[in-house]
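In: Prediction below, plus the sequence it came from.
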Protein chains: 2
Amino acid sequence: MKRIAESTVRRLSLYLRFLEDFEKRSIGTISSDELAARGSTTSAQVRKDLSFFGSFGKRGLGYSVPELLARLRQILGLDHEWHVVIVGAGKIGAALAQYRGFSQRGFRIVALYDSDPEKVGRTVDGLQIRPMSALTAESHHHRPDIAVLAVPATAAQEVADIVVAAGVRAILNFAPQQLQVPDTVALKEVNMAIELEGLSFALTNLRM
Amino acid sequence: MKRIAESTVRRLSLYLRFLEDFEKRSIGTISSDELAARGSTTSAQVRKDLSFFGSFGKRGLGYSVPELLARLRQILGLDHEWHVVIVGAGKIGAALAQYRGFSQRGFRIVALYDSDPEKVGRTVDGLQIRPMSALTAESHHHRPDIAVLAVPATAAQEVADIVVAAGVRAILNFAPQQLQVPDTVALKEVNMAIELEGLSFALTNLRM
DNA sequence: GACGTCTTGTGAATTTCTTCACAAATTACG
DNA sequence: CGTAATTTGTGAAGAAATTCACAAGACGTC
């Protein structure tokens, strides 16, 4: 299969969200134009994005909402459960552990780790915080697919190495630290500083 | 000035971070190659990115770390203070209010708002939570440049309209809801669901 | 001060991504 | 059944981003 651009995958996620909304409102059919309007893109872009995976629409009619929903879920790999471990039970880690969006979309949090002995043993949203030192051993049992890192920047690379060694194949990094991982491991960085600086740049350079 | 790509601005933020690190380690000079290695990009990319704004290096030598730092800060608009309001004092909003990275980089949180009367009046990190209804009036005084939205998805668009009307010209949106804003307003979305789905896609399609 | 080594800055080439534009398919309707 | 109105799927064109490649400048050394 041809390589799919990251921008395409991001848009597929958006389309999925819009379709869920359309389904909730019992709309059975949707055109690429209507989908595009919701995501500030163009109908051609929507059709091109979908065309990488097959042809799901009916000419003259549009796309069946439930059908396209199912196809998108399948394409994005949301048709089965992923095991997630969260590392770091500070403010961000705890907020993530309680975030409903995870389980809603088939991401099951199987464990929450922290290296601080003070925090170990406490419970967050029904999940007991485990010591960092237990991660490797417990991973044989939990078989995590994805690790979410919510640790200080200074610890991030070390933790990344540990979870990769423990068999995790995807990392979502909230620490403000650029990580190095083998290219067999998928990596996404969420970095508020970068977003803020992007806004600062826009405020400085665009208009005024 | 030519339009600068978003990807370029993101990389400038990264370079800034690396340079801060080099400065801390008292490294006086850096080559585009060394900068590239830290950010998994290429030296040509680094030089091209910088070339949009001038020529800051010395052939045969590289870039002066303090000088390039200063120039990048200026380019990104980090050479003066921005006023930030946070809307939503739930888990995420509260965590953001306490996040040290804001003030460290010249983003001053001038107010924290919530519509829940239960939360109004409480203090988060020395900042009293104000009622949402006061935002418009108080903005005349605070003159916020940036609004950070940490509200439920269902409220996000309404809040966005309010802050835009109150004079905010940049929005950082943490709500899982695609916002519509006038194109005079800069907008960044941080959406964990999209990142997770990107990882799910990678796990499903790449290898295995 | 000439020579060798290094690294920038930047047009040109290449690759990637988006938009255009239109034939083909489907429905609606008289 | 035929015609008008839609809307998809997709090659081709266009735009944007990245990489190449090399002349020009700067330093170190003898």
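Out: That came through, no problem. Residues are numbered from 1 along each chain as shown, chains lettered A, B, ... in the order given.
In: all helices of chain A, in order?
Out: A:6-24, A:32-38, A:43-51, A:65-75, A:91-98, A:101-104, A:135-142, A:153-165, A:192-205 (DSSP state H).
In: is it possible to export the ones you listed to a markdown table including mean pLDDT, mean neighbour count and distance to residue A:58?
Out: From N, CA and C alone the C-beta is placed, and that goes for glycine too. A markdown table is the format used below for the helices of chain A (pLDDT from 0 to 100; neighbours: other Cβ atoms under 10 Å in any protein chain shown; distance: least, Cβ to Cβ, whole Å):
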| stretch | mean pLDDT | mean neighbour count | distance to residue A:58 |
| --- | --- | --- | --- |
| helix A:6-24 | 96 | 18 | 16 |
| helix A:32-38 | 95 | 18 | 12 |
| helix A:43-51 | 97 | 17 | 13 |
| helix A:65-75 | 97 | 18 | 10 |
| helix A:91-98 | 93 | 21 | 40 |
| helix A:101-104 | 86 | 14 | 30 |
| helix A:135-142 | 97 | 15 | 43 |
| helix A:153-165 | 97 | 17 | 45 |
| helix A:192-205 | 96 | 21 | 39 |
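In: quick one: the residue in chain A positioned nearest to DNA strand C from DNA strand D, how far?
Out: Closest residue of chain A to DNA strand C, Cβ to the nearest atom of the strand: residue A:60 (2.4 Å). Per Cβ to the nearest atom of the strand, to the nearest Å, residue A:60 is found 3 Å from DNA strand D.
In: Tell me the spacing between residue A:45 and DNA strand D.
Out: In terms of Cβ to the nearest atom of the strand, residue A:45 sits 9 Å off from DNA strand D.
In: Was I right to think that residue contacts residue A:37?
Out: No - in this structure, residue A:45 is not within contact of residue A:37 by Cβ atoms under 8 Å, at 11.7 Å.
In: rewinding a little: as TSV, the helices of chain A with distance to residue B:3 would be great.
Out: Shown next, in TSV, are those (distance: least, Cβ to Cβ, whole Å):
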stretch	distance to residue B:3
helix A:6-24	18
helix A:32-38	23
helix A:43-51	20
helix A:65-75	32
helix A:91-98	34
helix A:101-104	34
helix A:135-142	45
helix A:153-165	32
helix A:192-205	10
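In: quick one: contacts for residue A:50?
Out: In this structure, residue A:50 makes contact with A:32, A:56, A:57, A:68, judged by Cβ atoms under 8 Å, 6 or more residues apart in numbering or on different chains.
In: Quick one: residues contacting the closest residue in space to residue A:45 that isn't next to it in sequence.
Out: Nearest residue to residue A:45, sequence neighbours excluded (Cβ to Cβ, 6 or more residues apart in numbering or on different chains): residue A:36, at 6.6 Å. By Cβ under 8 Å, 6+ apart, the residues touching residue A:36 are A:42, A:43, A:45, A:46.
In: can you redo the residues you listed as JSON lines with distance to residue B:188?
Out: As requested, the contacts of residue A:36 are arranged in JSON lines below (distance: Cβ to Cβ, whole Å):
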{"residue": "A:42", "distance to residue B:188": "21"}
{"residue": "A:43", "distance to residue B:188": "25"}
{"residue": "A:45", "distance to residue B:188": "20"}
{"residue": "A:46", "distance to residue B:188": "23"}
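In: wait, which of the residues you listed is closest to residue B:185?
Out: residue A:42 (21.4 Å; Cβ to Cβ).
In: Grab the nearest non-local neighbour of that closest one.
Out: residue A:36 (5.3 Å).
In: Touching stretch A:122-138 from outside, list them.
Out: Against stretch A:122-138 from outside (Cβ under 8 Å, 6+ apart): A:85, A:87, A:89, A:94, A:97-98, A:109, A:111-115, A:117, A:119-121, A:159, A:162-163, A:165-166.
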